[in-house]
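K.L.:
predicted structure and sequence below. I'll ask about it afterward.
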Amino acid sequence: MPVPDQRDPEITLATLTRWLDGHRPGVRITRLDTPQTSGFSSETLLFDAEWTDPAAAATGRYVARVAPEHYQIFPEPRFEEQYRLMRILDADTDIPVPPIHWYEPTGSVLGAPFFVMERIDGRVPTDMPPYHMDGWVTEVPEAERAAMWWSTLEIMARLHRLDVDALGLGFLDQPHWGAVGLDQRLNYYEHYLGWAYKGPQEVALEALGWLRANRPDEPGAPAALWGDARIGNVIFQDGTPAAVLDWETAMLGAPEEDLAWFLFLDRHHSEGIGAERLPGFPSAEETVARYEQLLGRPMRDMAYYEILSGFKFSVIMARIGQAMIDFGWIDATSDFPHDNNCTQLLARILDGR
């Protein structure tokens, strides 16, 4: 969801040029796009640059991701962890992330920490409007939709098969929230819910109580999880992923958690908003069966992880609702933060358990 952005383009151009000159001497930014609106979780600046290299003139097309400065959707942005993870994935794995070049840890340049990565061409399925309802995904052949789905699933499986210890991904652990996996997740999101919105949360709290009472075991070593696994976080070129984006909620846990989120977000973007699911996208049953083949083991307790996904997304929606109140877009008495498409879908799932 976009929020107003007041960044001055001329000041941004000058400060970013000075900073970039330390990495590319003699640089000139030839194009800079500053958004009129920006996402809650981070700001995105697009720019082209050219500089004189001793060997030859050089150019580059870049994206600067700037940490949230004014309004946060998450209580802990974990921005540096996102940068560290993407650097490792880029350098040491076959997970297709945009090449990461530089990180600025201070707010002295753009008002908040930021990192710079290469810009990747392609198209991303939209959330606003959801891709099942409108946009380019509705116009491509069914075979291309299937390719988008299966290829993203294969990337997710490659991520879950990574050796966490060998790659030094232990920093994704959050022991201050409890033991790795579900203990951390439930404790964190319970805290998040109280921080996000102070009003009633009947459905989310019912889900949390059920999740605590029915928590399954998570056998096996924790995997690196994407955290926001969905086709809406992939840049596609003709049905093939060119880059995987948005690692700010990456964590350690069971692969089932990522797979359930992948399925729940797609269900929300179709059934949850009253839209017909586009033909060509495989069913949830086909997806789980394929993922079992990719990981070489059964997927456990998927009904539990579906409710966990609905609970987590309800917490995020509560925060978005509070932001809409704070920005004056809806009245402070609105029930949107606790009665929305996500909570309604979650309530139906809880009723059917």
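P.N.:
Yep, it's here. Residues are numbered from 1 along each chain as shown.

K.L.:
beyond the longest helix belonging to the chain, next helix or strand please.
P.N.:
For the chain, the longest helix by residue count, based on DSSP state H, is helix 302-326. Counting by DSSP states H and E, the next helix or strand C-terminal to helix 302-326 is helix 341-351.

K.L.:
related to what we said a few turns ago, what is the rounded mean pLDDT of the longest helix of the chain?
P.N.:
What helix 302-326 shows for mean pLDDT is 97.

K.L.:
distance check, the closest residue to residue 344 other than its chain neighbours against residue 304.
P.N.:
Leaving out its chain neighbours, the residue that sits closest to residue 344 by CB to CB, 6 or more residues apart in numbering is residue 272, at 7.5 Å. No exception for glycine: its C-beta is placed from N, CA and C like everyone else's. For residue 272, the distance to residue 304 equals 19 Å [CB to CB, to the nearest Å].

K.L.:
more neighbours, the two?
P.N.:
Neighbour comparison, residue 272 and residue 304: the larger count goes to residue 272, with 23 against 19 (by other CB atoms under 10 Å).

K.L.:
any stretches of the protein with poor pLDDT?
P.N.:
Low-confidence segments of the chain, defined by pLDDT under 70: 1-6, 35-41, 54-57.

K.L.:
domain ranges for it?
P.N.:
Using automatic domain parsing, the domain parsing of the chain gives 2-118, 136-351.

K.L.:
could you dump those domains into TSV with distance to residue 130 added?
P.N.:
Shown next, in TSV, are the domains of the chain (distance: least, CB to CB, whole Å):
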stretch	distance to residue 130
domain 2-118	15
domain 136-351	4
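
K.L.:
of all those, which one is nearest residue 127?
P.N.:
Closest to residue 127 of the domains of the chain is domain 136-351 (CB to CB; 5.4 Å).

K.L.:
how long is that closest one end to end?
P.N.:
This stretch, domain 136-351, spans 35 Å end to end (CA to CA, to the nearest Å).

K.L.:
identify the residues contacting the residue lying closest to residue 201 once chain neighbours are set aside.
P.N.:
Using CB to CB, 6+ apart and skipping residues adjacent in sequence, the residue nearest residue 201 is residue 338, 5.1 Å away. Applying CB atoms under 8 Å, 6 or more residues apart in numbering to residue 338 gives the contacts 197, 199-204, 318, 321.

K.L.:
for those, which single residue is the most surrounded?
P.N.:
residue 204 (28 neighbours).

K.L.:
now the strands: where do they sit in the stretch 151-300 of the chain?
P.N.:
According to DSSP state E, counting those that start in this stretch, the stretch 151-300 of the chain carries its strands in the segments 223-225, 234-237, 240-244, 251-253.

K.L.:
looking at those, which is buried most?
P.N.:
With neighbours taken as mean count of other CB atoms under 10 Å, the strands of the stretch 151-300 of the chain reach their highest mean count in strand 223-225, at a mean of 26.

K.L.:
which outside residues touch it?
P.N.:
If you take CB under 8 Å, 6+ apart as the criterion, strand 223-225 is touched by 85, 159-162, 164, 167, 169, 172, 250-255, 257-258.

K.L.:
now, of those, which are buried?
P.N.:
Restricting these to buried positions leaves 85, 159-160, 162, 169, 172, 250-255, 257-258, with burial counted as 16 or more other CB atoms under 10 Å.

K.L.:
with distance to residue 345 added, can I get these in CSV?
P.N.:
Shown next, in CSV, are the buried ones among the contacts of strand 223-225 (distance: CB to CB, whole Å):
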residue, distance to residue 345
85, 30
159, 26
160, 26
162, 31
169, 32
172, 28
250, 25
251, 23
252, 27
253, 23
254, 22
255, 23
257, 18
258, 19
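
K.L.:
ok so residue 112 is a helix residue?
P.N.:
No. Counting by DSSP: H, G, I helix; E, B strand; the rest coil, residue 112 is not found in a helix; it is coil.

K.L.:
I'd say it and residue 70 touch.
P.N.:
No. Counting by CB atoms under 8 Å, residue 112 stays clear of residue 70, with 9.1 Å between them.

K.L.:
of those two, give the one with the bigger neighbour count.
P.N.:
Applying other CB under 10 Å to residue 112 and residue 70 shows that residue 112 carries more neighbours, namely 18 against 13.

K.L.:
phi, psi of the more buried one?
P.N.:
Dihedral pair for residue 112: phi -160, psi 160, per degrees, to the nearest 10.

K.L.:
how about residue 103?
P.N.:
Per-residue torsions, residue 103: phi -130, psi 130 (degrees, to the nearest 10).

K.L.:
and for residue 102?
P.N.:
According to degrees, to the nearest 10, residue 102 has phi -140, psi 160.

K.L.:
can you check the one 4 residues further on too?
P.N.:
Main-chain torsions, residue 106, degrees, to the nearest 10: phi -100, psi 170.

K.L.:
so what's it closest to, chain neighbours aside?
P.N.:
Of all residues not flanking residue 106 in the chain, residue 113 sits nearest, at 6.6 Å (CB to CB, 6+ apart).

K.L.:
what about the one you found, how many residues nearby?
P.N.:
Using other CB under 10 Å, residue 113 has 20 neighbouring residues.

K.L.:
ok, now residue 198?
P.N.:
Using other CB under 10 Å, residue 198 has 10 neighbouring residues.
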